[in-house]
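Engineer: heads up, no residue letters with this:
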C-alpha cells in the first residue's frame, strides 16, 4: 500500500457515486430495482472508505498525499484539478460514506411507494459525488465547483416533492440564499487568483508564508478570508443566511439527515478548516462572532417550535454555529471533532424523527405525539442517546467535543479578556439541553395526544432501525478516546487530527497564535512544482510545529472548569425541561404569556423571513419591475418616439412636398393652363385670323431680334 | 485539402442550396426541407473537417501569414474611377482561433435550426430560401477578412432576417421586423461610414510597386500602412479615430445588443418563429461582439485601451440590467431574451479585460451562449408548439406531465446560471477571473458578479412557475418530447456537458489567437505612441 494506492482508492470513492447517479437516472423508468444498484455502489464506496481511513491513519498518519492532473493549460494560465488525501479528508470521507450509505438503506423503506422512487436514489448519488469532491479537493476552484454541485443536489432533493408549493419554494430559496454566500466565496477566489495565479491550497499557503499577500495589505488578506467564509455562511446556514435551512425540511426526512444535518451543511465548516491557515486574527474574530450569533439565535427559536424537524433544523444551525465559533476562537481540532460527532448524533436524530414521522403517518407536529416510547422502543433509545450527546452529557461523544469547544472559548477569554464567546457558548449549552429534552419528552414521554395515530404507530422495519442503532452507537465516547472525560489523549485528537501551520504574517494573527519559534522557514511544508498526473508526498511538519503552545496550555487549564460548568448547565437545562413538560410543575403557556414579546419573537423566528421579504426581496423585485418599466416605456419610448418623430418629419416633408414643391409645379401647370385658356380664345379655327396672328408675331419677333 | 477553397464552400454552399430550392416546385415541401437539412448537414461536416485541419499553433489576428485556409484574389479592380482613382477590392477570407469557434457554432446552430423549422407550413419554399441566404450571411461575416466583403455579408443577413420575422412571425411581427431592420441598418450606416473612412486612410503596396487604398482589414491593423493625411490615420494629428471608434462600436453594439440599444431584441425574439429565435440568439448576437473583437480592437488598439473602462461599464450594465429585466418578465420567451442580454454583457466584460484569461472567457462565452441559449429557445418552442401560450404564470407542474422535457430544461437552465460541470460555468468564471485581473475594471467586475445571483433568481423562479407545483387540468394532455425534439436537444446538451467537463478542447483551439491578440493590444500603446513622435 503506497501513497499512489491511496490516491487511487480516493478517486474510486469519488467517482463511484457519479456512476451510480448516471446509471440510476437513465434506468429509473426501465429498471424497477435500479435503486439497489445505487445502494450497492454506496456500500462499496463505504467499504473502500473504511480501507482508506484504516491505511491512511495506520501507516501514513503523518503524510499528505496529493495527485493532480492538468485540466486547462493555456500557457499563461494553467489550472490543475487534484485530490488531496490527508487525515482530515479521510475522516470526513468516512463520515460522509457511512452516513450516505445508512441513509440509502433507511430510504429504501422510508421512501417506499414514492412515484419517483428511483430518481430519489439517483439524486442521493449525485449528492454523494459532489460531497466527496468537496472533501478530497486540493484546490479552491474545485472546492467551488463541487460546492455548487452540492447546491444543485440540495435544490433537487429539497424540492423532491415539487408538487407542493412549499417544497419548490424551499428548494429555490435554498439555492438562491446559498448563492448570496457564494458571491462572497467567488469574490474571495477572484482575489486569491489575481494574487497567486493558482488555486491550489498548498501553493497559496506557501506564497502567503513567504509574505505575498493580496494588494500588499493585511487588511485585504482579512477581507479575502471573510469573503471565502461567506461561502460557509451560506452553506452552513450561519447567521444571517440561516433562513434557508429550516425551510429545507420540506425535503424527505432522510435527506434532511444526510444533507441538511450531517454532511452538506458541515461543508462550510470543512471549508474554513481547509483555508484556516490563511485566516488572520481579524478574520477569525469575525468568524467567531458570526458563529456565536448563529449558535445563539436559532437556539432561542428552537425552544418554541412544534414541528419535530424544525426543532432539529434550528438545533443544527446552532451546533454549526458552535463549530464556526470554535474555529474563530482557534479551537481548530475541536471544531472538526464536533463536526464528526455532530454528524453522527444529528443524523441519528433526524433519521429517528423520520422513523417517528413514518410511524405517525407523516405527522410532524410534536403536540400531536407523546408516549411513543412504548410503540417505538428502539427509535426512542437511539433518539435518547443522541439527545444526551447533543446536550453534552458525559460518556457521549457530544460531551467530549462540546466540552472542548467550550474550553476553547474559555481559553480565548483568558488570553484576550474577551468573555463574550465563552458566555454565549455556555448559555447555548443550557438552552440546547432544554429544548432537546423538551422535544424528547413531548414526542416520546407522557400520554399520547392523538390517540388514533398513536394506535396505528409501530416500530419501523429493520433497514430503518439498523442505521439508527449504528449512529447512536457512534455517539458513545469509546470510539474517540479511552478516557470519557478527556479527549485530548484519545487517538482522534492526539494522533489523527492535527492543528495546521498558520501562514499569515505574524502581526496579523491573534497574539496567542503567533509562532513560538523564530524559524519561519521550518514551518512551511515544502511544495515543489508538481508534474501532472503524479502523486506527491508532503512530509508533514505538523508534529514539531504546534499550533501555539500558549493556546494549547490555556486550553488545558480551561478544560476542567469548562467541563464542570457545562455539566452543570446541561443538568439545569434538562431539569427545566422535565419540570415544564414531564412533571408539569411549571406551565410553559403561562410563562409564554408572561414574556409574550420574547415568546412571539422566538415563535416567529425573529422575523428574519419577514424582514428579508420586506427588504431584499421586495427591493430586488421592485427594481426589476422599475427597470422593466423603464425598458418598456422610456428606452423603447425613445426608440418608438424617434420612429414616430421621423414619421412626423417625413409626413411634414411629404406635405411640404405636396403643397409647396408640388404646389410650385402644379402652380406652374395651372398657370400654363390659364395662359393656355387665354390663348384658346385666340384659337378661332379661322385661317385668316391665324395668318394675321402669325404675321403680327413675326413682325414683333423680328423687331425684338433687331433691337439686339 | 490545401487547395480546396473550403471557406468559400462553407459560406456559399447555402446560396447554392437556395438556388436549388428555387427550382423545386412549391408543393414539394418535404423535398425542400430535406434539401435544406442536407445542405446544413454538409456545411456542418465541412466545419468539422475544417476543425480537424486547423493548426492550433498559428495566431492570426493581425498577422496575415498565420491565418489559415486563406483565399485571396482580386475581386473588383476599377482604374480611373472618377475622382477616387482606383478601386480595388479583394475577395479575402481566412480564419484564426477567434473565428473558428464561431464558424463551428454557426454550422451547428444552422443545422439544429433547420430541424426546428420542420413545423413551418406557411410558404415553405420562401422560408427555406431565406433561411439559407441568412446562413450564408452569418458564415460570411466570420470568415471575411476584407472589410468590404465583411460588410456585404453583414448586410446580406439583414434582408432574409427581416422577412423571416416579418412573414413567419407572431402577431406583432411587422412591428418587430421593421424595428429590427431599421435598428440594425442604423448601426450599419456607422459601420459603412467608418469603413469608407478607413479605406481612404489605408494603403497597400501592390506587386508592381503602386500604392493603392485598401479594404484589407489586416492592413488596417498595421500602422505602417496608414497614409499621412487620412482622417483615420494615426499619423494625422487631427484624426477622427476616437469618433470613428465610437461610431463603429455603436454599429456593432446594436447587434449584441448592448444597453441602451437593446430593445429590438425582446420584440424580435417574441415575434420570431422558434428556429429564427434560435439563430438570432445563437449566432446573430455574436456578430456584434465578434465585430468588436475582430475590427474595433485590432484596428483601433490605442483607442480601445483608452475606452476599455467604458466597455466594461456597459458590460456590467448589460449583465445587471438584463438580469433584473428578466426577473420581471411574464412571457417565457421574453425572459430568455433578456437573459441573453445579461449573458452577452459577460462577453463585453471579458473582452475589456484585455488579458488572455478574460478574452478566452469572452470568446468561449460566445460559443457557450450560442449553444445554451439555442437550447433555451428550443425549450420555449416546445411548450409554445403544444400550448400556444408562453405565459410563465399559465403553467405549473409540467414536470409531472413532461418529465424528460423538464430534465432537459433543468440542464439548460442550470447551464445558463453557470453551474459547474456545464460549459457556461467555465466561460463565466474565466471572464470574471480575467476581468478581475485588470486593475482598472476590478470594481465593475465585482459588481457584475451580482449577475450570478440574479441569474439563479429568474431562472429558478421560471422553473418553479412552469414545471413545479401541481399540474393544471388543461395541460394534462400535453405530450413529452418527440423524436425531432430529441434530435435537437440531445446534441446541444452533449456539447454543453462535454465542454463543461473538458473545456480544454475549445480553449486550446482559440489559445494562440487570444494570446496573439493580447500581445498585440499590449504593444499598441508603444506602437502607436511612437508613430506620432
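Structural biologist: Thanks, I have it. Bear in mind the structure is a predicted one, so any value in this text is a computation, not a measurement.
Engineer: quick one: low-confidence ranges for the stretch 351-500 of chain B?
Structural biologist: Counting by pLDDT under 70, the stretch 351-500 of chain B shows no low-confidence range.
Engineer: correction: the previous question concerned the stretch 101-250 of chain A.
Structural biologist: In the stretch 101-250 of chain A, no residues with pLDDT under 70.
Engineer: what parts of it come near chain B?
Structural biologist: A:141, A:144-146, A:148-149, A:152, A:155, A:159, A:162-163, A:165, A:168-169, A:171-172, A:175-176, A:179-180, A:182-183, A:186-187, A:189-191, A:193-194 (C-beta under 8 Å from any C-beta of the partner chain). Glycine gets a C-beta too; all of them are placed from N, C-alpha and C.
Engineer: again, only this time at 7 Å
Structural biologist: By the rule C-beta under 7 Å from any C-beta of the partner chain, the part of the stretch 101-250 of chain A lying against chain B is A:145, A:148-149, A:152, A:159, A:162-163, A:165, A:168, A:172, A:175-176, A:179-180, A:183, A:186-187, A:190, A:193-194.
Engineer: of those residues, buried ones?
Structural biologist: The neighbour count (16 or more other C-beta atoms under 10 Å in any protein chain shown) marks A:145, A:148-149, A:152, A:159, A:162-163, A:168, A:172, A:175-176, A:179-180, A:183, A:186-187, A:190, A:193-194 as buried among those.
Engineer: what segments of the stretch 301-450 of chain B are helices?
Structural biologist: B:301-328, B:332-352, B:356-387, B:398-401, B:403-416, B:423-436, B:442-448, B:450-467 (DSSP state H, counting those that start in this stretch).
Engineer: about what we covered before: just the buried ones among the residues of the stretch 101-250 of chain A next to chain B: which are in helices?
Structural biologist: Judged by DSSP state H, those include A:145, A:148-149, A:152, A:168, A:172, A:175-176, A:179-180, A:183, A:186-187, A:190, A:193-194 as members of helices.
Engineer: could you verify that residue A:637 is part of a helix?
Structural biologist: Yes: counting by DSSP: H, G, I helix; E, B strand; the rest coil, residue A:637 falls inside a helix.
Engineer: that one: neighbour count?
Structural biologist: Using other C-beta atoms under 10 Å in any protein chain shown, residue A:637 has 14 neighbouring residues.
Engineer: please apply the same query to the one 5 residues further on.
Structural biologist: The burial metric for residue A:642, expressed as a neighbour count using other C-beta under 10 Å, is 12.
Engineer: quick check: pLDDT value at it.
Structural biologist: With respect to pLDDT, residue A:642 has a value of 87.
Engineer: how about whichever strand or helix holds it: buried residues?
Structural biologist: Per DSSP states H and E, residue A:642 falls inside helix A:636-656. Using 16+ other C-beta under 10 Å as the test for burial, helix A:636-656 gives A:636, A:639.
Engineer: next SSE downstream of it?
Structural biologist: Per DSSP H and E, the first helix or strand lying C-terminal to helix A:636-656 is helix A:662-682.
Engineer: tell me the mean pLDDT for that next one?
Structural biologist: Across helix A:662-682, the average pLDDT comes to 82.
Engineer: any idea which helix or strand comes after that helix?
Structural biologist: Downstream of helix A:662-682, the next assigned helix or strand under DSSP H and E is helix A:687-707.
Engineer: for residue 63, the count of nearby residues, please.
Structural biologist: Using chain A here. With other C-beta under 10 Å as criterion, residue A:63 counts 16.
Engineer: wait, chain B was what I had in mind.
Structural biologist: 16.
Engineer: now swap in residue B:221 and tell me
Structural biologist: Neighbours of residue B:221 (other C-beta under 10 Å): 22.
Engineer: same thing with the one 4 residues further on?
Structural biologist: The burial metric for residue B:225, expressed as a neighbour count using other C-beta under 10 Å, is 18.
Engineer: wait, it sits on residue B:202?
Structural biologist: Yes: counting by C-beta atoms under 7 Å, residue B:225 does reach residue B:202; the two are 5.2 Å apart.
Engineer: so what sits against both of those two?
Structural biologist: Counting by C-beta atoms under 7 Å, 6 or more residues apart in numbering or on different chains, the shared contacts of residue B:225 and residue B:202 are residue B:219.
Engineer: in chain B, where is pLDDT below threshold?
Structural biologist: Flagging of chain B using pLDDT under 70 yields the residue ranges B:1-2, B:80-84, B:531-533.
Engineer: likewise the stretch 551-700 of chain A?
Structural biologist: A:682.
Engineer: apply 80 and report the result again.
Structural biologist: Applying pLDDT under 80 to the stretch 551-700 of chain A picks out residues A:679-690, A:692-693.
Engineer: contact residues of it facing chain B?
Structural biologist: Counting by C-beta under 7 Å from any C-beta, the stretch 551-700 of chain A sits next to chain B at A:623, A:624, A:625, A:627, A:628, A:631, A:635, A:636, A:639.
Engineer: now name the helix or strand holding the fifth one.
Structural biologist: Following DSSP H and E, one finds residue A:628 within helix A:618-629.
Engineer: quick one, that helix and helix B:450-467 angle?
Structural biologist: Calculated by axes from the mean of the first three to the mean of the last three C-alpha atoms, to 10 degrees, helix A:618-629 forms an angle of 80 degrees with helix B:450-467.
Engineer: just the buried residues of helix A:618-629, please?
Structural biologist: A:620, A:621, A:623, A:624, A:627, A:628.
Engineer: do the same with stretch B:96-107
Structural biologist: So stretch B:96-107, judged by 16+ other C-beta under 10 Å, has buried residues B:96, B:97, B:98, B:99, B:100, B:101, B:102, B:103, B:104, B:105, B:106, B:107.
Engineer: close to chain A, is that stretch?
Structural biologist: No: contact of stretch B:96-107 with chain A (C-beta under 7 Å from any C-beta) is absent, the minimum separation being 11.3 Å.
Engineer: identify all contacting residues around that stretch.
Structural biologist: So stretch B:96-107 is contacted by B:43-44, B:47, B:50-51, B:54, B:58-61, B:67-68, B:95, B:138-139, B:142-143, B:283, B:286, B:290, B:293-294, B:363, B:366-367, B:370, B:506, B:509-514 (C-beta under 7 Å, 6+ apart).
Engineer: for residue B:116, give me its contacts.
Structural biologist: B:274, B:275, B:278, B:378, B:381, B:488.
Engineer: just give me the closest of the buried residues of stretch B:96-107 to chain A.
Structural biologist: residue B:97 (11.3 Å; C-beta to the nearest C-beta).
Engineer: so which helix or strand takes in that closest one?
Structural biologist: Residue-wise, residue B:97 maps onto no helix or strand under DSSP H and E.
Engineer: please report phi then psi for it.
Structural biologist: phi -70, psi -20 (degrees, to the nearest 10).
Engineer: ok, it to residue B:50 distance?
Structural biologist: 12 Å (C-beta to C-beta, to the nearest Å).
Engineer: overlap in contacts, the two.
Structural biologist: With C-beta under 7 Å, 6+ apart as the test, residue B:97 and residue B:50 reach no residue in common.
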